[in-house]
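Trainee: Any chance you could fold what I've pasted below:
(4 chains)
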Protein chains: 2
Amino acid sequence: MGCDETRWLEPRELDTWLAFVAATTLLDAELDRQLQRDAGMPHAYYQVLAMLSDVPQRRLRMSELAAITQSSQSRLSHAVARLEREGWVRRTPCPSDRRSTYAELTEAGFAALEAAAPGHVSTVRKYLFDRLTPEQVGQLHEISKAVLSGLGIDPDATTMPTALAEAERRRHP
Amino acid sequence: MGCDETRWLEPRELDTWLAFVAATTLLDAELDRQLQRDAGMPHAYYQVLAMLSDVPQRRLRMSELAAITQSSQSRLSHAVARLEREGWVRRTPCPSDRRSTYAELTEAGFAALEAAAPGHVSTVRKYLFDRLTPEQVGQLHEISKAVLSGLGIDPDATTMPTALAEAERRRHP
DNA sequence: CTGAAGTAGTTGAGAACTCAACTCTAGCAC
DNA sequence: GTGCTAGAGTTGAGTTCTCAACTACTTCAG
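Mentor: Now for the predicted structure:
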């Protein structure tokens, strides 16, 4: 019969897949562990602070912030609630659209980020960039962008200047 | 002063890092969503069943299983508890070492895996391998192995035959 | 202006994970 | 043998995340 239409992974693909899953799983765990231990926050929260720090006025609407951190609205809402309890982020209502809320990095939040950054960056170096040749960095960039576009994401939207332009354009089309 | 010894990421590296984090975060979320929706299990649990299915007798010691699924012992213990409640895995004591426990795939577990596999594989294809050229698959494999070895993992240990040999050798050195 | 549909954000319940503390067993020194 | 250190696994508390339901506001058709 015409059963089993599934196109399984070829051996090369399977090996690649298993290695890729293992590498990303462990790398992510390592990043979380380092940040949690040394800075008291998981990687996802670091990203929130980092994105806010890199933006004019150090504030963004919740939905913009969710978009550039690859977070669901719900997840971001819980995250910001925690960051706010910590005193690292402040929520303020948006005057022009009263549905919206600004998330704004506080001084304490900026200080926490500055304290966390060196350890985080050196972890990223240690486990990723130090192991790769310059060509491999380029390859990884291309591969990541290819995957992103497959997920319906404009690959430039993960880079701050463009991410902002995107968000801006979305509001004033 | 000689402060700020941190070697920050260069622009190329930063772009690569942001794209990589975004891609892996979203890809992982997509895999979890697909499996949770269509098979009632997260990706991590799928991996447990998949690894067990691929092994003689469809059973492994908990610690071996933890190693090849990149899981902490605690995480695996919780996971297997859930899979056991579901009737997909059975725990049996190991006679030769009474500290150890076997996790064994049940018939129902095998059936659940068989039912889940096509959808999972086609998601992996759709969002990863379909977007990559054959060269990029090779590059991704090399990059993943480089990262794994940086994490102190033998990259071959994610491939089943070798993973078993490793575990075997560890027991009878 | 009214109401329908869409957008922004929050909330609560439950699932999954982390960390540290714990039990039980093995292997080894003496 | 006795005691000591190490290994295998579990547990519980606390944290983060997901999903679905919800509120509140905006936009736009008519």
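Trainee: Does stretch A:147-155 reach chain B?
Mentor: Yes: using Cβ under 8 Å from any Cβ of the partner chain, stretch A:147-155 reaches chain B at A:147-151, A:153, A:155. In short, each C-beta sits where N, CA and C put it, glycine included.
Trainee: Quick one: end-to-end length of that stretch, please.
Mentor: 9 Å (Cα to Cα, to the nearest Å).
Trainee: ok so, going back, okay if I get the residues of stretch A:147-155 next to chain B as TSV plus distance to residue A:124?
Mentor: Output for these, formatted as TSV (distance: Cβ to Cβ, whole Å):
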residue	distance to residue A:124
A:147	19
A:148	19
A:149	23
A:150	24
A:151	22
A:153	21
A:155	19
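Trainee: What about the residues you listed, which are in helices?
Mentor: Using DSSP state H to define helices, the subset of the residues of stretch A:147-155 next to chain B located there is A:147-150.
Trainee: Just send those residues back as JSON lines, with neighbour count and pLDDT too.
Mentor: As requested, these are exported to JSON lines (neighbours: other Cβ atoms under 10 Å in any protein chain shown; pLDDT from 0 to 100):
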{"residue": "A:147", "neighbour count": "23", "pLDDT": "98"}
{"residue": "A:148", "neighbour count": "24", "pLDDT": "97"}
{"residue": "A:149", "neighbour count": "13", "pLDDT": "95"}
{"residue": "A:150", "neighbour count": "18", "pLDDT": "95"}
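Trainee: sorry, back to before: so which of the residues of stretch A:147-155 next to chain B would you say is closest to DNA strand C?
Mentor: For those, the residue nearest DNA strand C by Cβ to the nearest atom of the strand is residue A:153; the value is 16.2 Å.
Trainee: Over to the closest residue to DNA strand C within chain A. Which of the three states is it?
Mentor: Proximity of chain A to DNA strand C (Cβ to the nearest atom of the strand) peaks at residue A:63, 2.8 Å away. Using DSSP: H, G, I helix; E, B strand; the rest coil, the structure places residue A:63 in helix.
Trainee: Nearest residue to it in space, ignoring adjacent ones along the chain?
Mentor: residue A:73 (6.6 Å; Cβ to Cβ, 6 or more residues apart in numbering or on different chains).
Trainee: For residue A:57, give its distance to residue A:114.
Mentor: Plainly put, residue A:57 is 18 Å away from residue A:114 if you go by Cβ to Cβ, to the nearest Å.
Trainee: Over to residue A:89?
Mentor: According to Cβ to Cβ, residue A:89 stands 15 Å off from residue A:114.
Trainee: okay, those two: which has more neighbours?
Mentor: Per other Cβ atoms under 10 Å in any protein chain shown, whichever of residue A:89 and residue A:114 has more neighbours is residue A:89, with 26 against 11.
Trainee: mind listing what that one touches?
Mentor: Counting by Cβ atoms under 8 Å, 6 or more residues apart in numbering or on different chains, residue A:89 touches A:48-49, A:52, A:80, A:83, A:103-106, A:109.
Trainee: how about JSON lines for these, with pLDDT added?
Mentor: JSON lines is the format used below for these (pLDDT from 0 to 100):
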{"residue": "A:48", "pLDDT": "98"}
{"residue": "A:49", "pLDDT": "98"}
{"residue": "A:52", "pLDDT": "97"}
{"residue": "A:80", "pLDDT": "98"}
{"residue": "A:83", "pLDDT": "98"}
{"residue": "A:103", "pLDDT": "98"}
{"residue": "A:104", "pLDDT": "98"}
{"residue": "A:105", "pLDDT": "98"}
{"residue": "A:106", "pLDDT": "98"}
{"residue": "A:109", "pLDDT": "98"}
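Trainee: Which ones among those lie within helices?
Mentor: Counted as lying in helices by DSSP H, out of the contacts of residue A:89, are A:48-49, A:52, A:80, A:83, A:109.
Trainee: How about the residue nearest to the spatial centre of chain A: what's its closest non-neighbour residue?
Mentor: What sits nearest the mean C-alpha location of chain A, by Cα atoms, centre = their mean, is residue A:69, with 3.9 Å. Excluding the flanking residues, the one nearest residue A:69 by Cβ to Cβ, 6+ apart is residue A:47, at 5.0 Å.
Trainee: How many neighbouring residues does the one you found have?
Mentor: Burial of residue A:47 is recorded as 23 neighbouring residues (other Cβ under 10 Å).
Trainee: Next: residue A:94.
Mentor: Residue A:94 is flanked by 13 other residues according to other Cβ under 10 Å.
Trainee: swap in residue A:28?
Mentor: With other Cβ under 10 Å as criterion, residue A:28 counts 17.
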